[in-house]
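**Q** pasting the sequence and the predicted coordinates here, then a few questions.
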Amino acid sequence: MTEGAAWDAVCAWLRQVHPDEHSQDSSVLFARYFSEMPSPIARIVGMLRSPEERGLHPCVRDRRRLYATLEKPEALSTAYQRRNKPRLWLRIVGTGQDEEMDDAEEEKEDILRQEAEADKKDTLRQEAQEDKRRAIPDKAPVLREEASGPLSTNGTFATLHRKYLEEIDDDEIDAGDGPDVAILRGEFDREILDRFVHGTLRVPLYDCDFDEQYDNVYGRDMQFREQMREETYFDDR
């Protein structure tokens, strides 16, 4: 259908349904009659506006909300939008509240364990060399108040171990006192839905704006709408 024929279809529908309306301004028609328009007419008028502009109409917002609730499209899922909106996810949920944190913690523990094992081997090697060089006059156990080296109270291994224990303690405190992960994810999902409803989310889902099956508030006569679809003024001229 050409652009001229499409607008002729809008005017023909307007003359039949609202014969006293003389305005042909698309903004006026959209604001006044979009909720009454059958899908083909609504699409012609609605496509002259951006998804965000269409989102100013309560009918459009209701259709989007019902569509998201009933269809649960993948593009609005938590997993999809988490990849699509990593900064929003970070701001609302945060990396510390993520199930992937378990993997990160395991990796951190592996690194600390490997470093500790390496330090321990170095310490044993150094002590063996020290024992060879040093003659111990007394066979009784020697108690050192202040030892040196990686295994000492101030050594590398001890320092790493203290840091590891501190991090575990911090994580336990955060897990107990922090907000529930499910609540944070719910806030993230609500923010995504709100952006979709208002047309600011970039997703290929806005065809639902023109689909009358998602009308739950604007209950118009289905038989009348079917009749409008069958009118000959939709044909190309």
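**A** Looks like it came in fine. Numbers count the residues shown, from 1 in each chain.

**Q** where does the closest residue to Thr200 other than its chain neighbours land on pLDDT?
**A** Leaving aside its sequence neighbours, Thr200 sits nearest to Glu52 (Cβ to Cβ, 6 or more residues apart in numbering; 5.6 Å). Heads up, the C-betas are built off the backbone N, CA and C, glycines and all. With respect to pLDDT, Glu52 scores 97.

**Q** also Leu66?
**A** For Leu66, pLDDT reads 95.

**Q** any idea which element it lies in?
**A** helix 58-71 (DSSP states H and E).

**Q** so the residue nearest to Thr200: helix, strand or coil?
**A** helix (DSSP: H, G, I helix; E, B strand; the rest coil).

**Q** that one: how many residues sit nearby?
**A** A count of nearby residues for Glu52, using other Cβ atoms under 10 Å, gives 13.

**Q** hang on, the earlier thing: tell me the helices and strands packed up against the helix holding Leu66.
**A** Helix 58-71 is packed against helix 181-197, with contacts defined by 3 or more Cβ pairs under 8 Å, 6 or more residues apart in numbering; DSSP states H and E.

**Q** would you mind pulling up the elements that the helix it packs on packs against?
**A** So helix 181-197, by 3+ Cβ pairs under 8 Å, 6+ apart, packs with helix 58-71, helix 78-84, helix 86-92.

**Q** would you turn those helices into TSV with distance to Ile183?
**A** Formatted as TSV, those follow (distance: least, Cβ to Cβ, whole Å):
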stretch	distance to Ile183
helix 58-71	20
helix 78-84	13
helix 86-92	10
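
**Q** what residues are up against Met37?
**A** Trp13, Val45 (Cβ atoms under 8 Å, 6 or more residues apart in numbering).

**Q** quick one: the helices in the protein, in order.
**A** 3-17, 26-33, 39-46, 51-54, 58-71, 78-84, 86-92, 101-133, 156-177, 181-197, 222-229 (DSSP state H).
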